[in-house]
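In: model this:
(2 chains)
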Amino acid sequence: MFDIDILGSLMPDPITMLAQLMATGILLLVFKKYLWAPVSDFLQKRADVAQQALDDAYQAKEEALEKQEQAKQQLQDASEKAQRIIERSENEAKKIKSQLLSDAQNQAKLKIEQANSQIELQRRELQSNIRKEIVDVAMLVSERLMHDKIDETFDRDVIQTFLKDVDKS
Amino acid sequence: MSKIANRYAVALFELAVEEDQIDRYQQQLAWIKEVFHDDTVFQFFTSIKVDKLKKKEMLSTIMQDQVDQHMISFLMILIDKKRVSFIKAIADQFHSLCNKHYNIQEGYVYSIRKLSEQEHKEIEDAVSKKLNSTVKLKNYLNPHLIAGVKVVVNDTVIDASYQAQMSQLKAQLLKESR
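Out: Got it, this is the predicted structure:
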């Protein structure tokens, strides 16, 4: 049977371990002395670049958001403006329509009034002409009758009446 | 033309007033007007072909026994001044001046028949009284009057005819029927 010192094998050799520790310490010192600063600088630069990129991206995002907000606002304004224009146009159109209707109604009313007054005028003229005609005929008949009836004696009486009237006045 | 005639008429009228011969001059001028009413006489005295002396001789022959010497002299002046063509206008103007002097107004009375002398005089008297001047009227016939008379003296019209009454009645009827 094999006699194997397992426990002894498992335990490190203190000298070796010390040497290793010293080597590791030397390595650490060398590393710190020659590599730490450049690596740190490099890492710092990388970190700065990354941070800058992040900041830029953040700022770009902020700006984009702001612009989006502005665009949204502008769109809103444009929409409101367009709405106002439409409303104004509608109002204007309604006003014009109302005015046109009113004018047309007034004109129609005026024409009707004119036609009525024309009709009334013509009616009165016709009535007047008829009356004149009747009076003319009556006068003509009367004059003819008088011509037939009036004699010299009557004429003398008329002249005497005239003389009395002149004398009185 | 009337201004020239008026000038001569006024001069002659002033002479007539001065001599107190207005009626006489008026009668003589009326007679002269009648004489010159004849076309032959008028053309003879207004013709430029006839010599003035011949005209004067002829005038003296015609007028000598009919009119005064003053009147003949007046006509001679008209011949000299070539104003004989104005003689009718001068006579009319003189007549107007006489009427003005005597406050006489002339006019017309229209009737449907010839008025009797008495009616004529009565109308003249009545109108004279109304117009406060002596009115002399000439009678003209107008059958359209129907009856009565219409007197016209210058701007005054007195219409007492039945025609006027009918016109008034007609106007009234037309007015009332409106």
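In: Give me the pLDDT for residue 87.
Out: Defaulting to chain A. With respect to pLDDT, A:E87 scores 95.
In: Chain B is the one I meant
Out: Residue-level pLDDT assigned to B:I87 equals 89.
In: For it, give me its contacts.
Out: Applying CB atoms under 8 Å, 6 or more residues apart in numbering or on different chains, we find B:I87 in contact with B:32-33, B:36, B:45, B:75, B:78. (C-beta placed from N, C-alpha, C; glycine too.)
In: again, only using 7 Å
Out: By CB atoms under 7 Å, 6 or more residues apart in numbering or on different chains, the residues touching B:I87 are B:32-33, B:36, B:78.
In: Who wins on neighbours among those residues?
Out: Greatest neighbour count in the contacts of B:I87, by other CB atoms under 10 Å in any protein chain shown, goes to B:I32: 22 neighbours.
In: List the residues that contact it.
Out: Residues near B:I32 by CB under 7 Å, 6+ apart: B:67, B:87, B:91.
In: list the buried ones in the helix or strand harbouring it?
Out: Taking DSSP states H and E as the criterion, the element that holds B:I32 is helix B:22-37. For helix B:22-37, a neighbour-count test (16 or more other CB atoms under 10 Å in any protein chain shown) marks B:22, B:25-26, B:28-29, B:32-33, B:35-36 as buried.
In: what kind of secondary structure is the closest residue to chain A within chain B in?
Out: With CB to the nearest CB as the measure, B:A160 is the residue of chain B nearest to chain A, at 3.8 Å. When states are read from DSSP: H, G, I helix; E, B strand; the rest coil, the local structure at B:A160 comes out as strand.
In: now it, nearest residue through space, not along the chain?
Out: Nearest residue to B:A160 in three dimensions, chain neighbours excluded: A:F162, at 3.8 Å (CB to CB, 6 or more residues apart in numbering or on different chains).
In: where does the nearest residue to B:Q163 once chain neighbours are set aside fall, phi/psi-wise?
Out: Nearest-residue entry for B:Q163: B:L145, 4.9 Å, with adjacent residues in sequence omitted and distances by CB to CB, 6+ apart. The phi/psi pair for B:L145 (degrees, to the nearest 10) reads phi -70, psi -20.
In: List the contacts of B:L145.
Out: Taking CB under 7 Å, 6+ apart as the contact definition, B:L145 lies against B:110-112, B:161-163.
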